[in-house]
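Asker: Next comes the sequence, and after it the predicted model I'd like to discuss.
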Amino acid sequence: MDMRFFELNEPADPAAPKKVVSKVAHPADATAQPTPPVAKEPSAPVYATPAQTKELRDYLEMQWPEAKFTVQTAKGTKLIPSIRARGLSLAMLKAAMQADQFITKNPDVKQSSASSSFPAYSFEKDGVLYTVVIGMKGVKDGNEESIGISRKELTPAGLGIHGGKFDKNQLIAATKKAVESKIRKRDPVLADALIAMVDSAAAGGTQPISQDLMDHVAPFLGTLSQDFGEILAPILILKDGQQAELPTGNNPLVDVKIPGMNLSVKALTGSGTSFRSISDLMDKYEQSIGGDTEKKKQFSVLKSFHPSAGGNNKDKIIAAAAAAKIPEYQEAVRKFDKFKTWSELHQQMRRWPWKEGTKDQYRHFLGQALDVFTASSASKYVGMPADGKFYLGSDGAKPPAREKAAGYPSFRANPHAAAADIITYSLGVGLLNYIRGGKESAKYSQMMTDIVNKADAVIGHITVNQDGTMSLKTKPFSTLQFQFQYHAPSHIPGNNLPGFIALLD
């Protein structure tokens, strides 16, 4: 019979080891041995404070003004402050640090917590440890000169090409100038590859690019195609006398306006696009529903993600799960009591004995939450972290190959908040399963299609091939089918707001 913690009265563990009191010999005892000297414990590491971290950021900005450096605070699974660096190689970072007498060290566990996606690097000066993470995609293993690219770096905004109207030649010139300014100094081969792609697009995308240039960008070709594609696509399409208009602000749906076409080069088939970007279309659809009670009930689930609904991303996931009455939410309420927001769920978690964040407490949490993970199916664990089976002692479950931020590390860092996050993630995945695979999945897919395909936009799917040639396929939103999407790590379930993806042939 399930019982909540505050209903339990746990007895003392009879198997707990008893304290042993050592017998110290009296000085008058002739047989007493000299007391050995007490070994000096190693001093605890001293990590840079936020102020010291900001000073290092300022120094790095002076050394490499073309790169970008931001301070990351200690939050969640990030146990200490760090610097997130973009636009430079490890060799460049080490050169700057050595120039100011920093010593390169091996990062410890706390420093490694600075990122779950990229490696952390440790530097010491005057007994203080500083942590730097280089957040770049496509860095070649074992090559400290390799740089790669960062997400959004090659979009028009990332390259510093501000909004406005450009004809084909003007856009080509502005792009090449930006590449020379932003990329040439740090990675001349990447700069050559980007300019070659611009020339290929100007020639209709049929012009191959030298293999050495394509080999250089191969590790991050997908990200390059998506981001630089916002520039390549209009160059491919524009005809003499036509102009492309780049949005002056952050238009979440339209990347570029071309005569007769509002073009979106978003990854609508990948990670998806947030409902926030189509809030106006959601408003129009809601008005069109009229008195249809069934559609209003269904729409209330999607409306939970509208900006006007209030709350943060985690609150919106919980609200949608409650509106849909999915099994995971109903079981979480039964097990942990009522909650309608993440803060309320967090308060419920704090009533449980998981304060220290030990492995045993993590195992206990997983055991208590197991009914939530299996609410939809006894054989399917919805939203349970990847290391859950190992800590629960499942047959054949192997320990994690390497420690990541999700699962036990997040619980160790902040047990009650991590427990609330994992439950919220389970609700998000449960909601995804319900909308895309439940008995009303066809109705939800049609509803999202009815909402989104009213957009006056065209999706452009650009492909840069391995030889540098490229192609662009376009389809009006009005001809596409759309589906619900949610993806996030279990330890940061609000990292991405649920949204929609286009179903392309």
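Answerer: In hand now; what should we look at?

Asker: Remind me what the helix or strand that residue 286 is a member of packs against, helices and strands.
Answerer: In this structure, residue 286 sits in helix 279-289 according to DSSP states H and E. In terms of contacts (3 or more CB pairs under 8 Å, 6 or more residues apart in numbering; DSSP states H and E), helix 279-289 is packed against helix 293-303, helix 441-452. The way it works is simple: take the backbone N, C-alpha and C, and place the C-beta from them, glycine included.

Asker: so what strands line up beside the lowest-mean-pLDDT helix or strand in the chain?
Answerer: Between all helices and strands in the chain, the lowest mean by mean pLDDT, DSSP states H and E belongs to strand 273-274, at a mean of 82. Partners of strand 273-274 in the sheet, by DSSP bridges, are strand 499-503 (antiparallel).

Asker: who's in contact with the strand it pairs with?
Answerer: The contact list for strand 499-503 (CB atoms under 8 Å, 6 or more residues apart in numbering) reads 268-270, 272-278, 305, 448, 452, 459, 477, 480-486.

Asker: ok, back up a step: which one, of the helices and strands packed on helix 279-289, ends up nearest to residue 214?
Answerer: helix 441-452 (34.9 Å; CB to CB).

Asker: Tell me which other helices or strands the helix or strand following the closest one touches.
Answerer: Per DSSP H and E, the first helix or strand lying C-terminal to helix 441-452 is strand 458-464. Other elements packing on strand 458-464 under the criterion 3+ CB pairs under 8 Å, 6+ apart are helix 221-237, strand 261-264, strand 470-476.

Asker: The same query, at a cut-off of 10 Å, please.
Answerer: helix 188-202, helix 221-237, strand 256-258, strand 261-264, strand 470-476 (3 or more CB pairs under 10 Å, 6 or more residues apart in numbering; DSSP states H and E).

Asker: if you compare those, which one is most tucked away?
Answerer: helix 221-237 (a mean of 23; mean count of other CB atoms under 10 Å).

Asker: pLDDT on the helix or strand just after that one, on average?
Answerer: Beyond helix 221-237 in the direction of the C-terminus, DSSP H and E gives the next helix or strand as strand 243-246. In this model, strand 243-246 has a mean pLDDT of 91.

Asker: do the same with stretch 67-81
Answerer: 88.

Asker: coming back round to it: take the helices and strands packed on helix 279-289 and write them to CSV, including distance to residue 52.
Answerer: Formatted as CSV, these follow (distance: least, CB to CB, whole Å):
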stretch, distance to residue 52
helix 293-303, 46
helix 441-452, 48
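
Asker: Make CSV from the ones you listed and add mean neighbour count, mean pLDDT and distance to residue 386 to it.
Answerer: Shown next, in CSV, are these (neighbours: other CB atoms under 10 Å; pLDDT from 0 to 100; distance: least, CB to CB, whole Å):
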stretch, mean neighbour count, mean pLDDT, distance to residue 386
helix 293-303, 17, 93, 28
helix 441-452, 18, 92, 26
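
Asker: Between these, which one is closest to residue 47.
Answerer: Per CB to CB, nearest to residue 47 of the helices and strands packed on helix 279-289: helix 293-303, 44.0 Å.

Asker: so that closest one versus helix 441-452, what angle?
Answerer: With axes from the mean of the first three to the mean of the last three CA atoms, to 10 degrees applied, the angle from helix 293-303 to helix 441-452 works out at 70 degrees.

Asker: Contacts for helix 293-303 next, please.
Answerer: Here helix 293-303 makes contact (CB atoms under 10 Å, 6 or more residues apart in numbering) with 275, 279, 282-283, 285-286, 288-290, 292, 306, 309, 316, 319-326, 431, 434-435, 440, 443-444, 446-448, 450-451, 484, 498, 500.

Asker: Return the distance of that helix from the chain's centre.
Answerer: Mean-position distance between helix 293-303 and its chain equals 29 Å (CA atoms, centre = their mean, to the nearest Å).

Asker: ok and that helix relative to helix 279-289, angle-wise?
Answerer: Using the same axes, to 10 degrees: helix 293-303 against helix 279-289 is 170 degrees.

Asker: Could you identify the helix or strand that succeeds helix 293-303?
Answerer: Downstream of helix 293-303, the next assigned helix or strand under DSSP H and E is helix 313-324.

Asker: when you compare where that following helix runs with where helix 293-303 runs, what's the angle?
Answerer: Using the same axes, to 10 degrees: helix 313-324 against helix 293-303 is 160 degrees.

Asker: For helix 313-324, the averaged confidence score.
Answerer: 96.

Asker: Same question for stretch 260-271.
Answerer: 68.

Asker: show me what contacts residue 171?
Answerer: Residue 171 makes contact with 156, 161, 164-165, 198, 201-202, 231, 234-235, 238, 243-244, 246, 256, according to CB under 10 Å, 6+ apart.

Asker: for residue 378, same thing?
Answerer: Residue 378 neighbours (CB under 10 Å, 6+ apart): residue 371.

Asker: what helix or strand does it sit in?
Answerer: Using DSSP H and E, no helix or strand contains residue 378.

Asker: Ramachandran angles for it?
Answerer: phi -70, psi -20 (degrees, to the nearest 10).

Asker: what's the distance between it and residue 46?
Answerer: Counting by CB to CB, to the nearest Å, the separation of residue 378 from residue 46 is 50 Å.

Asker: Also residue 153?
Answerer: Relative to residue 46, and taking CB to CB, residue 153 is found at 34 Å.

Asker: what about those two, which has more around it?
Answerer: residue 153 (21 against 12; other CB atoms under 10 Å).

Asker: just checking, next helix/strand downstream of the helix or strand harbouring residue 332?
Answerer: Using DSSP H and E, residue 332 maps to helix 327-336. Using DSSP H and E, the next helix or strand after helix 327-336 towards the C-terminus is helix 342-349.

Asker: tell me which residues of that following helix are tucked away?
Answerer: For helix 342-349, a neighbour-count test (16 or more other CB atoms under 10 Å) marks 342, 345, 346, 348, 349 as buried.

Asker: Return the member of those nearest to residue 464.
Answerer: Comparing the buried residues of helix 342-349 against residue 464 with CB to CB places residue 342 closest, at 40.5 Å.

Asker: excluding its backbone neighbours, what's nearest that closest one?
Answerer: In this structure, residue 342 finds its nearest non-sequential neighbour in residue 314, 4.1 Å apart by CB to CB, 6 or more residues apart in numbering.

Asker: Now do the same contact list for that neighbour.
Answerer: By CB under 10 Å, 6+ apart, the contact set of residue 314 is 341-343, 345-346, 420-421, 424-425, 427-428, 488, 492-495, 497.

Asker: Show the buried residues in these.
Answerer: 341-342, 345-346, 420-421, 424-425, 427-428, 488, 492-494, 497.

Asker: which among these gets closest to residue 361?
Answerer: Taking the buried ones among the contacts of residue 314 together and measuring to residue 361 by CB to CB, the closest member is residue 420, at 14.6 Å.
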